[in-house]
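Trainee: One predicted model, sequence on top.
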Amino acid sequence: MRVVLVSLRAGQSLPEHVANGLVTVYSVGGRVLFYEGAECSDMVPGTLVRLEPGRPHRIDAKEDSRLLVTMIKPSDAAAWNALAPRGRTLDLRQTPRERRHSTVLYAFDILEVGESFLLVNDHDPQPLHAQMDQVRPGEAAWEYEIQGPCEFRIKVSRIARSAVAASGDGAGQL
């Protein structure tokens with residue numbers, strides 16, 4: 001995901017373009033005309049527009065304006081598999097390193113007690129294991145099935161819910 005603040009002076013435009021992921025545009029200040037194909041929206045502060053991937057759009061600023069743009073790009077197969085990994089393999093070897101921990105934590109957070117997934121990695125993910133012990137204490141079981149040198153397979157299981165999540169306030173979730 002990427003969040004960008006776009007500032008335009010009155011009279012400036014962004015030419016027609018497309019994004020390969022889901023986009024939201026939130027008007028923070030000023031006034032712009034937002035064109036999605038032939039449709040036009042007059043965006044004033046507080047207006048939110050949502051675009052499906054691949055939709056052509058352009059912007060004409062009528063006043064000095066600021067737009068908060070959120071782009072959610074399609075991810076690699078491992079991240080999509082993390083959306084519902086129950087009983088499946090979550091192979092991180094093709095996932096960029098900066099996304100590996102968040103992908104695994106997200107996958108873990110949607111597991112019910114007793115469910116698991118198989119984590120595959122190209123190195124021993126000791127820092128990830130330590131992070132899970134710190135942020136999800138007592139909730140996960142970590143069982144090596146293959147331990148190196150070039151491939152690591154670990155069964156990650158949810159053995160308990162956090163006390164915070166169980167209370168229903170959601171503060172313990174990512």
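Mentor: Everything's here; your move.
Trainee: can we go C-alpha only for contacts and neighbour counts from here?
Mentor: Will do.
Trainee: This protein: strands as residue ranges?
Mentor: 2-8, 13-17, 22-29, 32-36, 39-43, 48-51, 57-61, 65-72, 89-91, 116-121, 140-147, 152-158 (DSSP state E).
Trainee: any chance of those strands in TSV, plus mean pLDDT?
Mentor: Formatted as TSV, these follow (pLDDT from 0 to 100):
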stretch	mean pLDDT
strand 2-8	93
strand 13-17	93
strand 22-29	93
strand 32-36	96
strand 39-43	94
strand 48-51	91
strand 57-61	96
strand 65-72	92
strand 89-91	86
strand 116-121	91
strand 140-147	94
strand 152-158	94
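Trainee: With mean neighbour count and distance to Q131 added, can I get those in CSV?
Mentor: Shown next, in CSV, are these (neighbours: other Cα atoms under 10 Å; distance: least, Cα to Cα, whole Å):
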stretch, mean neighbour count, distance to Q131
strand 2-8, 14, 24
strand 13-17, 13, 40
strand 22-29, 19, 30
strand 32-36, 20, 43
strand 39-43, 15, 42
strand 48-51, 15, 34
strand 57-61, 19, 41
strand 65-72, 19, 25
strand 89-91, 22, 18
strand 116-121, 22, 15
strand 140-147, 15, 11
strand 152-158, 21, 14
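Trainee: of all those strands, which lies closest to H129?
Mentor: strand 140-147 (7.7 Å; Cα to Cα).
Trainee: Report the angle between that closest one and strand 152-158.
Mentor: 160 degrees (axes from the mean of the first three to the mean of the last three Cα atoms, to 10 degrees).
Trainee: that older thread, can you redo the strands of the chain as a markdown table with distance to M132?
Mentor: A markdown table is the format used below for those (distance: least, Cα to Cα, whole Å):
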| stretch | distance to M132 |
| --- | --- |
| strand 2-8 | 25 |
| strand 13-17 | 41 |
| strand 22-29 | 30 |
| strand 32-36 | 43 |
| strand 39-43 | 43 |
| strand 48-51 | 34 |
| strand 57-61 | 41 |
| strand 65-72 | 25 |
| strand 89-91 | 16 |
| strand 116-121 | 13 |
| strand 140-147 | 8 |
| strand 152-158 | 11 |
